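Engineer: compute the structure for the input listed below.
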Amino acid sequence: MFRPLRGLVAAGAAGVVLAAVLTGCSSGGDSGGGKITLTYWNQITSTDTTKAEDAIIAEFEKEHPDITVKQTRYQPQAQLPSLAKNAFRSGSTPDVVYAEVSTGRDLFNAGLALDLDAAAKTYGWKDRITPSGLAWTTTADGKLYGLGLESELSGVLWNTTLLDKLGTKVPTTVDELTSFCQAARKNDLVPIATGAGGGGWIWYFYLGLPIVNALGPQAEKDFVSHKSGKWTDPEIKTAVQTVFDAAKKADCFIPEMSTLDNGAAIDMLTGNKAVALAPAFTGNLGPVAAADPKSAYDFAPWVAVPGGKGQFNLQGMGSAFVVNKKSEHQKAALEFVDFMFQKDIAEQYIEKAGFLPPVTGIDVDALRIPDLFKQGADILINHSEDTGTTVDLVSSDKFNDLIGREGQEVFDGQITVDQYLKDLQAQWVKDKI
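Structural biologist: Below is the predicted model:
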């Protein structure tokens, strides 16, 4: 399903397709020594990211002089899923698409995307890419259908400079959260800024973050993969009540959170009008540090759940490369995808684009990125087994719509938590069937 870019703010005129043809030459097949024009569609439109990727593609073309990359960017990115599906069905371009993970999964399940298991062996991807990074683009029966560059870690971002002024610290329990929110309100500060822009996606995380704390990472992964548990289980209710009951009653949020733009919520944080941002993502960390260099920040999990297993972050994957099964240039397409996961190229994506490719062997401390960004990068690259799984990337569009729509209804007092969880469980069962 379509998810907004949360790490970086998309740039460019809405509704405009930005085509970047890097060099021009005639199209040809993968054999016979001819020149190849590889068509590549993506949804990357933020200025810093496009500059970084253009430079990386230029490096690829230099190393592969027989391949020219014809790149087309789509803004708004919501255009890309349907366009890619129609193009793959017709057997036309693109050869490679970089789109939402769920779009890639849909293309593969429809028999339109190339099975990458053989390529994984040829290029040694299972030795070079973290297991959690590969898991996001692996089907339930173990088929690899894509590779994602944008590992993302979700949690809560705290302005510890403001916390010091309030005489408090990053809360780790429900009681500490309640005390913090009350202290922030007394000082005319918004405790936690949140902006969904009317999209409802925040509720994937406001449920997921406490649930992973209640169950622990492995049990949470089993839960979201339909291996164990129900949404109506008591420990799940206890978890989500830390948001819908405790945090809401403590006035931690603002009434406008359902319509406030995510960028506006970030501005509240960097403008020192809010003490925390949730849900926050690793992609936010570099931009926040740059926008508010006078403040100190800490990226932390949601507060512990009573009777739970501790505090943990959630991990997800923003988008992924998928190869057209009908492409005449599959070998070139795979060379292109493999290039993006070379260690030095992955480091360029981290330093210049704010992406976090799940590539092993990267020395996070040596990277030229803000210390705050290093905090999240280290967890994703070196300790990803200690994180949970973001449910929306492994569930159906119907379930995701329900979790977002009814999450807001619970927040607005239109339905109860019990009804919400009952409805989620009913759809969950339908998805499994």
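
Engineer: any idea which element Ala304 lies in?
Structural biologist: Following DSSP states H and E, one finds Ala304 outside all helices and strands.

Engineer: so how far is Ile211 from it?
Structural biologist: 12 Å (CB to CB, to the nearest Å). In short, each C-beta sits where N, CA and C put it, glycine included.

Engineer: swap in Pro287?
Structural biologist: 28 Å.

Engineer: more neighbours, those two?
Structural biologist: Neighbours around Pro287 and Ile211, counted as other CB atoms under 10 Å, are more numerous at Ile211. The numbers are 29 against 20.

Engineer: tell me which element the more buried one is part of?
Structural biologist: helix 202-215.

Engineer: now do Val288
Structural biologist: helix 282-291.

Engineer: chain center to the following helix or strand past that helix: distance?
Structural biologist: Once the chain leaves helix 282-291, the next helix or strand it forms, by DSSP H and E, is strand 297-300. Mean C-alpha position of strand 297-300 versus that of the full chain (CA atoms, centre = their mean, to the nearest Å) differs by 18 Å.

Engineer: please renumber so the chain begins at 576
Structural biologist: Will do, 576 is the new start, and the previous item becomes strand 872-875.

Engineer: may I have the strands that pair with the helix or strand just after strand 872-875, each with its orientation?
Structural biologist: Downstream of strand 872-875, the first helix or strand assigned by DSSP H and E is strand 889-892. Strand pairing for strand 889-892, determined by DSSP bridges: strand 726-734 (antiparallel), strand 963-964 (parallel).

Engineer: the helix or strand following the shortest one to helix 777-790, inter-axis angle?
Structural biologist: Downstream of strand 963-964, the next assigned helix or strand under DSSP H and E is helix 972-986. Going by axes from the mean of the first three to the mean of the last three CA atoms, to 10 degrees, helix 972-986 is angled at 90 degrees with respect to helix 777-790.

Engineer: ranges for the strands of the protein?
Structural biologist: 592-596, 611-617, 642-649, 671-675, 726-734, 765-768, 849-856, 872-875, 889-892, 894-898, 963-964 (DSSP state E).

Engineer: tabulate the ones you listed (TSV), appending mean neighbour count.
Structural biologist: Output for the strands of the chain, formatted as TSV (neighbours: other CB atoms under 10 Å):
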stretch	mean neighbour count
strand 592-596	14
strand 611-617	23
strand 642-649	21
strand 671-675	27
strand 726-734	25
strand 765-768	26
strand 849-856	27
strand 872-875	21
strand 889-892	28
strand 894-898	27
strand 963-964	24
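
Engineer: could those go into TSV alongside mean pLDDT and distance to Ile990?
Structural biologist: Converted to TSV, the strands of the chain look like this (pLDDT from 0 to 100; distance: least, CB to CB, whole Å):
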stretch	mean pLDDT	distance to Ile990
strand 592-596	43	40
strand 611-617	96	39
strand 642-649	96	36
strand 671-675	94	29
strand 726-734	94	25
strand 765-768	96	22
strand 849-856	95	22
strand 872-875	95	30
strand 889-892	90	24
strand 894-898	96	33
strand 963-964	90	25
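
Engineer: okay if I get the strands paired with strand 889-892 as JSON lines plus distance to Arg703?
Structural biologist: Output for the strands paired with strand 889-892, formatted as JSON lines (distance: least, CB to CB, whole Å):
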{"stretch": "strand 726-734", "distance to Arg703": "14"}
{"stretch": "strand 963-964", "distance to Arg703": "22"}
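
Engineer: where does the stretch 826-975 of the chain dip in pLDDT?
Structural biologist: Within the stretch 826-975 of the chain, no stretch has pLDDT under 70.

Engineer: let's see it at 90
Structural biologist: Filtered on pLDDT under 90, the stretch 826-975 of the chain yields the residue ranges 829-838, 858-859, 861-862, 891-893, 929, 946-947, 950-962, 964, 967-972.

Engineer: surely Gln905 is in contact with Leu689?
Structural biologist: Yes - contact criterion CB atoms under 8 Å: Gln905 and Leu689 qualify, at 6.4 Å.

Engineer: neighbour count winner among the two?
Structural biologist: Leu689 (24 against 17).

Engineer: which ones are touching the more buried one?
Structural biologist: 720, 897-900, 902, 905, 908 (CB atoms under 8 Å, 6 or more residues apart in numbering).

Engineer: out of those residues, list just those in helices.
Structural biologist: Applying DSSP state H to the contacts of Leu689, the entries found in helices are 905, 908.

Engineer: quick one: Cys756 from Gly775, how far?
Structural biologist: From Cys756 to Gly775 the distance is 23 Å (CB to CB).
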